[in-house]
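Student: Sequence plus the predicted model coming up.
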Amino acid sequence: MFQISDLFRGSPDGIDVKGPGILVSFDIGNVTINLTETVVISWGIILLVTLLLLWLTKDLKTNNISKRQVAAEWMVTTVYGLVEDTMGKQWRSFAPYIAALFTFSITGSLVSMLGLRSVTADFNAPLTWALVTFVFIHGTNIKTHGFGGYLKGYVDPVPVMLPINILSELSTPVSMSLRHFGNVVSGMVITSLLYFALSAATKAIGVAFLTIGVPAVLSLYFDLFSGFMQAFVFIMLTMAYISNADARNEA
Amino acid sequence: MNWNLDFLTIDVGTILFTLINTLLIFLAFKFILFKRVDAILAQRQQEVSTTYSKADDALAAANSDKEKYAEALAGAKDEAAEIITRAEKKARLEGDLIISEAKTVAADVREKAAAATEREKVQARAELQGEISDLAVELAQKIMEKEIDKADHARLIEDFLQEISAEGDKA
């Protein structure tokens, strides 16, 4: 007889939440370089995004423009507006990176809808972006405050704050990357659990309707909404942290 | 070998590849989307300002044309007035000339008429003189034909004078 507990007991192979698969692995010196699912799917994303951008920006005109061009111009002006509003006009040239980061993040999450493993469900992806942000934060800080001013910032307002300030700085990339990773991966885990439960229920009842409707609704939330939210949160935090480090914004 | 990475692991290879991939996607955005759209936006801005300045130029040209035409129109009015004035003056001159010519002609005619009258008068006088002499001869004949008394004499002279006067009136 079917029991509720069967739903979460696991299949013979069990619910196994794994990291990304390794396709090729090679050693350079002591370091093992793995070519994982994450990287290969990213290449696919880059290819598709590049093709999409090429298509969007095909034969641009100054008047009587196509819908494609309207979309392309909307994207550009929206990102410019967002960057200028959040970071100030002097950071305008930062817009392409923000657009790239947002696109990479959201498409990296949305590939799960094609049955692929989310790029962002690999901790290394958001970690890389958070490290880039980290470098930008400290680079900007040193650039605008000077190296002395930058170092002085760690003993501000009192020298006792030094360890706390260092911790605070280090926690930024950790929190950013773990937030993104955690959200995506939890969605992935919940979706896997639900799929498993629903297929177990289907097996028990013998009716397939459960596996059709319910996952779609959940996928809408975990993939589309959450993917969008996390990408947005990530770029907003990146912009906020970097513009905070910019002394020109202190008034 | 384990064919999956651990669920939560830091993998240097993946980080490096993701860094390169992020750079690639950034370059795609920068050099495909942003560069092209920026260029077209700048071009459109340029075209709009060119159009505006062209419109301004056209407006200025139109205004200057308008002024020129107004000027020309005023000039034309002056010219027309001048032409009319000149024509009037010319007409007056011509009229004066015609009148003076007419006067001359009239004077001429009058002169000619006077001359003709004079001539006729002279001719008449000559004729009268001829007649007077005829009458005198006749009178002399009559005197010679008969003896006449004083009264007859006076009457004869009277008649003669009346005859002369009548002849003179006839002339």
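Tutor: Sure thing, it's come through.
Student: Could you measure from B:F7 over to A:Q230?
Tutor: B:F7 is 18 Å from A:Q230, where distance means Cβ to Cβ, to the nearest Å. From N, CA and C alone the C-beta is placed, and that goes for glycine too.
Student: cool, A:V49 as well?
Tutor: 18 Å.
Student: Looking only at neighbour counts, state which of those two leads.
Tutor: Between A:V49 and A:Q230, A:Q230 has the larger neighbour count (other Cβ atoms under 10 Å in any protein chain shown), namely 23 against 20.
Student: element containing that one?
Tutor: helix A:226-245 (DSSP states H and E).
Student: Next, the buried residues of that helix.
Tutor: Using 16 or more other Cβ atoms under 10 Å in any protein chain shown as the test for burial, helix A:226-245 gives A:226-227, A:230-231, A:234-235, A:237-239, A:241-243, A:245.
Student: Just the CA trace of that helix, in PDB.
Tutor: This file holds the C-alpha atoms of helix A:226-245, laid out as PDB (Å, rounded to 0.1, in the frame of the first residue of the first chain):
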ATOM      1  CA  SER A 226      13.700  33.400  -8.600                       C
ATOM      2  CA  GLY A 227      16.200  33.400 -11.400                       C
ATOM      3  CA  PHE A 228      15.200  36.900 -12.400                       C
ATOM      4  CA  MET A 229      15.200  38.100  -8.700                       C
ATOM      5  CA  GLN A 230      18.700  36.700  -8.000                       C
ATOM      6  CA  ALA A 231      20.200  38.100 -11.200                       C
ATOM      7  CA  PHE A 232      18.700  41.500 -10.300                       C
ATOM      8  CA  VAL A 233      19.800  41.400  -6.700                       C
ATOM      9  CA  PHE A 234      23.200  40.400  -7.800                       C
ATOM     10  CA  ILE A 235      23.700  43.300 -10.200                       C
ATOM     11  CA  MET A 236      22.100  45.800  -7.800                       C
ATOM     12  CA  LEU A 237      24.400  44.700  -5.000                       C
ATOM     13  CA  THR A 238      27.400  44.900  -7.400                       C
ATOM     14  CA  MET A 239      26.500  48.400  -8.400                       C
ATOM     15  CA  ALA A 240      25.800  49.500  -4.900                       C
ATOM     16  CA  TYR A 241      29.000  48.100  -3.400                       C
ATOM     17  CA  ILE A 242      31.200  49.500  -6.200                       C
ATOM     18  CA  SER A 243      29.600  53.000  -6.100                       C
ATOM     19  CA  ASN A 244      29.900  53.000  -2.300                       C
ATOM     20  CA  ALA A 245      33.600  52.500  -2.700                       C
END
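Student: from the middle of its chain, how far away would that helix be?
Tutor: Its chain's C-alpha centre and that of helix A:226-245 lie 10 Å apart, by Cα atoms, centre = their mean, to the nearest Å.
Student: what's the following helix or strand after the helix ranked longest in chain B?
Tutor: Scanning chain B for the longest helix, with DSSP state H as the assignment, gives helix B:35-145. The element immediately downstream of helix B:35-145 (helix or strand, assigned by DSSP H and E) is helix B:150-170.
Student: how near is the residue nearest the centre of chain A to B:F31?
Tutor: Centroid-nearest residue in chain A: A:S105, 3.5 Å away (criterion: Cα atoms, centre = their mean). For A:S105, the distance to B:F31 equals 20 Å [Cβ to Cβ].
Student: Wasn't A:T32 part of a strand?
Tutor: Yes - under DSSP: H, G, I helix; E, B strand; the rest coil, A:T32 sits within a strand.
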